[in-house]
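Colleague: any chance you could fold what I've pasted below:
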Amino acid sequence: MLDRYFLEPLDHARRLQQQVHDRLVEAILDGGVPPHEPLPATRDLATRIGVSRNTIVLVYERLVEDGYLTPVRRRGHFINEQYVRQQLNVRLDYRPSTLFRDGETAGKAWAERLRQHPSRNRNIVKPANWRDYRYPFIYGQVTTDKTSIARWRDCTRLAGTPYHANAWVGDLIDADDPLLVDQVISRVLPQRGLRAGREEVLITCGSQNALYMAAQLLAGPGCRVGIENPGYVDARNIMAATGADLVPLPVDANGVVTGAAMRGCDLVYTTPSHQSPTSVTLSLQRRLALAEAARNDDILLIEDDYEHELNFIGPQRPALKSFDTTGRTIYLGSLSKALFPGLRLGFVVAPEPLIREMRALRRMMYRHPSAHDQRAMAIFLMEGHMDAHVRRLRDQLARKWTTMHRELAARLPDSRPTATTGGSSVWLRLPPGIDCWTLQRAAARRGVLIEPGDIHFLGPEPPRDYVRLGFAAIGLDAIAPGLAELQAAVEEVERGA
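Modeller: Alright, predicted model coming up:
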């Protein structure tokens, strides 16, 4: 009976041990293994399914530890009937709730109780199967860096050794790993022109988590929040959820425009290094003007510096916060976006009174980010792996950035890409008469994934002639043929218009 659970070949690109474990658990819970008979001997099962005996030995040991099997001396491994019965009872006893009151659906009942409906926000939608597209011009994803993966794996192993274990086996409550905080202060901040004490730094689950906490503490009904337009969609939704009044701030080739639109704001959110979504860099004059406006008009600034490292022309710009001498700027940084976006580690640099309240708020939310991941990141920074990764990434993206602009000029001369000095995407205005969503569908049929740009604008009737083309997740050799397919999609839309 057990053989039918192994009819489908094992995927040798994935961990064989985990696959064998999962199939044996399925067989045990399905009743595919008679409880009065032992499982096949390790050597026998290994031969039958084509893996090493050691793999089966380790799987059996894990199933014993988990309670599924009981080893019997000289007889083999038997099903632990009591434990399996408990597991099955848990599965069989589950009944999803469907009603609050007789005749009332759960959806209607919950809709009446909810004070907010975040699911109704306008959000960027990115297909989960983006890797299936031949030409994924998707923003916010990266290609696999095998060197950094190997070094990160080494750092997580090192973090798990007895020497480092005391840093993460216990609950930090509301504290951060002091080694990571020190590495942020000594290695990360100086590259951005910043200095800070330990009491001015907080580790977060990504920079967006930091933005959410800052918004909860500083925004709300009656607060006027300046938002770049076009701008970061999630920032707009986070601020709107507090009940704040959103003030659109125009963006041009030099970044967010300071001046009349900003007057009267209590809080301004900005992305100076590479503006989201246009990727333009806030000029030195604008940085000085923004810092001065904050001082003169008593405005608090939230600086989201998510792509600080990715400048390809000229030197790296110092952070906006470095020009602030009055403590009005809250600096949000990411430790994972340029490395592994799924890792979700970031930090905040702000005056101690705000950090103290953010730390208390974080404690109510989730206490602290994974202490093990914090220690692994501290080691990764300390050993110089992050600096090496950023150098490789900058070199790779610089070549892609050059190729993108060259190919766009050749293949879509009637479009207008925004001029930038770096970043990982191109903000493109389409030829006259081309609708971004119509083009998105035509491009998808040709294996090209692009991001319509209307979502980034604040207001009821956003322009529909912009798209964002991310190039971090697409191979260099795929850019030219991908843009050739995009050109064909544009021509198809033009013919149908």
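Colleague: which parts of the stretch 301-450 of the chain are strands?
Modeller: Ranges of strands within the stretch 301-450 of the chain are 329-334, 346-349, 416-417, 425-429, 448-449, based on DSSP state E, counting those that start in this stretch.
Colleague: what distance do you get for the residue nearest to residue 198 when sequence neighbours are not counted to residue 327?
Modeller: Nearest residue to residue 198 in three dimensions, chain neighbours excluded: residue 181, at 5.5 Å (C-beta to C-beta, 6 or more residues apart in numbering). Heads up, the C-betas are built off the backbone N, CA and C, glycines and all. Distance, residue 181 to residue 327, using C-beta to C-beta, to the nearest Å: 19 Å.
Colleague: neighbour count winner among these two?
Modeller: Neighbours around residue 181 and residue 327, counted as other C-beta atoms under 10 Å, are more numerous at residue 181. The numbers are 22 against 14.
Colleague: need the pLDDT of the more buried one.
Modeller: pLDDT, residue 181: 98.
Colleague: and residue 248, which of the strands of the stretch 301-450 of the chain is closest to it?
Modeller: Nearest to residue 248 among these is strand 425-429; the distance by C-beta to C-beta comes to 16.9 Å.
Colleague: in the sheet, which strands lie alongside the closest one, parallel or antiparallel?
Modeller: Paired neighbours of strand 425-429 in the sheet (DSSP bridges): strand 416-417 (antiparallel), strand 466-470 (antiparallel).
Colleague: what residues does the shortest one touch?
Modeller: The reference is to strand 416-417. 404-405, 408-409, 426-429 (C-beta atoms under 8 Å, 6 or more residues apart in numbering).
Colleague: and which of these is nearest to residue 209?
Modeller: Nearest member of the contacts of strand 416-417 to residue 209, counting by C-beta to C-beta, is residue 427, at 25.7 Å.
Colleague: quick one: contacts for that closest one?
Modeller: Residues in contact with residue 427 (C-beta under 8 Å, 6+ apart) are 277-279, 417-418, 420, 453, 466, 468.
Colleague: what are the bridge partners for it, then?
Modeller: Under DSSP bridges, the beta-bridge partners of residue 427 are residue 468.
Colleague: from residue 376, how far out is it?
Modeller: In this view, residue 427 and residue 376 are 35 Å apart by C-beta to C-beta.
Colleague: export the strands paired with strand 425-429 to TSV and tack on distance to residue 254 and mean pLDDT?
Modeller: Compiled in TSV, the strands paired with strand 425-429 are given as follows (distance: least, C-beta to C-beta, whole Å; pLDDT from 0 to 100):
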stretch	distance to residue 254	mean pLDDT
strand 416-417	17	96
strand 466-470	19	97
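Colleague: looking at the ones you listed, which is buried most?
Modeller: strand 466-470 (a mean of 25; mean count of other C-beta atoms under 10 Å).
Colleague: where does this protein have low pLDDT?
Modeller: Residue ranges of the chain with pLDDT under 70: 88-107, 497.
Colleague: what helices and strands are in contact with the longest helix along the chain?
Modeller: As assigned by DSSP state H, the longest helix anywhere in the chain is helix 385-411. For helix 385-411, the elements it packs on are helix 146-159, strand 416-417, strand 425-429, helix 476-496, judged by 3 or more C-beta pairs under 8 Å, 6 or more residues apart in numbering; DSSP states H and E.
Colleague: for residue 351, which of those is the nearest?
Modeller: Of these, the one closest to residue 351 (C-beta to C-beta) turns out to be helix 146-159, at 30.9 Å.
Colleague: what's the following helix or strand after that closest one?
Modeller: Using DSSP states H and E, the next helix or strand after helix 146-159 towards the C-terminus is helix 162-165.
Colleague: what's the helix or strand that that following helix is followed by packed up against?
Modeller: Remark: after helix 162-165, the chain's next helix or strand is helix 178-183, criterion DSSP H and E. Using 3+ C-beta pairs under 8 Å, 6+ apart, the elements in contact with helix 178-183 are strand 201-204, helix 371-382.
Colleague: understood, closing this out.
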